[in-house]
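Asker: any chance you can model this:
(2 chains)
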Amino acid sequence: MIPDDRALVARVVDLDDRLAFGLLVQRHQSAVRGLLRRLCAGDDATADDLAQEVFLKAYRNLRRFRGEARFSSWLYRIAYNTFVSHTRRASPAVARDASQVATIPPSLARHDLNRAFEHLRPEERAALALTFARDLSHEEAARILECPVGTLKTHVHRGKEKLRELLAAWRDAEVA
Amino acid sequence: MNMSDEELEALLGAEPPLADDGFTRRVLARLPAPRRRRLGGILAGSVVLGAGGLALAAPAIGEVVMTPGASPWVLFFVILALAWLPATVALDEA
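Answerer: The predicted structure is shown next:
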């Protein structure tokens, strides 16, 4: 029988079991890397570097995981905080000015979504990535982002509106 | 032309799982040394630090302790000062 996350966490905390931690990483790497790739708007190399940092932080702080939320939610919170710290270090303004849209070459596909994400604020990116790609409820996503549910819904709404405008503009440019 | 809500949500939601591609191995390689090995290192370091500190401070300690009329508490503070550094490191790692 494959042990669940809590059993694996207990093994890591009590016995410093590296194999158990490896299983946790294997189990959650796709979700954490996927979330960070969305947050990093397609900069996969940076996203993967940050994902490594996330798991190292998780390892160091595993004792603090109380098991009140899902282990994946706990990891998402670390991932979001790591991303926010990274953007503060890298550049004070993450979201690009929406007026730059016209300079982006058209061709509507998945990478366009990533480029469109560049124009969203970090909290809008996270709100959309958590609620749609990770399929979390608004309540769970709000807990991860440490904001009220109403604020989370606002981020989702604004993020969707911005994406819709950007993608429509590119699609129109492609048609023209 | 604007996308419908369904189209946008489908685009946002569809995300294929990412293959591990050595990611787990790279994370495990960056973990700190196992606790037992770390504890051994701390103990060895503490002994070296303690012995070194004692050897360096021995003449001064002897002088203070042998001073006529010196309080026996002086010895306590000397030991405390020598034990402070390794104890701080050990407690931090625990």
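Asker: does residue A:122 touch residue A:85 like I think?
Answerer: No: using C-beta atoms under 8 Å, residue A:122 makes no contact with residue A:85, being 10.7 Å away. Where C-beta positions appear, they are placed from N, C-alpha and C, glycine not excepted.
Asker: who has more neighbours, these two?
Answerer: Taking other C-beta atoms under 10 Å in any protein chain shown, residue A:122 and residue A:85 do not tie; residue A:122 has more neighbours (18 against 12).
Asker: gap between that one and residue A:76?
Answerer: 14 Å (C-beta to C-beta, to the nearest Å).
Asker: smallest gap between chain B and chain A, at which residue?
Answerer: residue B:12 (3.8 Å; C-beta to the nearest C-beta).
Asker: can you tell me how far the residue lying closest to that residue once chain neighbours are set aside is from residue A:138?
Answerer: Spatially, and ignoring its direct neighbours in sequence, residue B:12 is nearest to residue A:132 (3.8 Å; C-beta to C-beta, 6 or more residues apart in numbering or on different chains). According to C-beta to C-beta, residue A:132 stands 11 Å off from residue A:138.
Asker: any shared contact partners between the two?
Answerer: Here residue A:132 and residue A:138 share no contacting residue, scored by C-beta atoms under 8 Å, 6 or more residues apart in numbering or on different chains.
Asker: before we move on, back to that, what helix or strand is the residue of chain B closest to chain A on?
Answerer: Assigned by DSSP states H and E, residue B:12 belongs to helix B:5-13.
Asker: does the helix or strand just after that helix reach chain A?
Answerer: Next in sequence after helix B:5-13, counting helices and strands by DSSP H and E, comes helix B:23-29. Yes: legend: contact between helix B:23-29 and chain A by C-beta under 8 Å from any C-beta of the partner chain is shown at B:23, B:24, B:26, B:27, B:28.
Asker: buried stuff in helix B:23-29?
Answerer: B:23, B:24, B:27, B:28 (16 or more other C-beta atoms under 10 Å in any protein chain shown).
Asker: by mean pLDDT, which helix or strand of chain A comes out lowest?
Answerer: In chain A, no helix or strand scores lower on mean pLDDT, DSSP states H and E than helix A:110-117, which sits at a mean of 81.
Asker: residue in chain A with the shortest distance to chain B?
Answerer: residue A:132 (3.8 Å).
Asker: how many neighbouring residues does residue A:167 have?
Answerer: 22.
Asker: assess the claim that it and residue A:116 are in contact.
Answerer: Yes: shown here, residue A:167 and residue A:116 form a contact pair, counting by C-beta under 8 Å, at 5.9 Å.
Asker: need the helices for chain A, in chain order.
Answerer: Here chain A has its helices, by DSSP state H, at A:5-15, A:18-39, A:44-60, A:71-90, A:110-117, A:122-128, A:138-145, A:149-175.
Asker: flag the shaky bits of the chain, pLDDT-wise.
Answerer: All of this is about chain A. A:91-110, A:174-176 (pLDDT under 70).
Asker: sorry, should have said chain B
Answerer: Judged by pLDDT under 70, the stretches of chain B that qualify are B:1, B:14, B:35-38, B:86, B:89-94.
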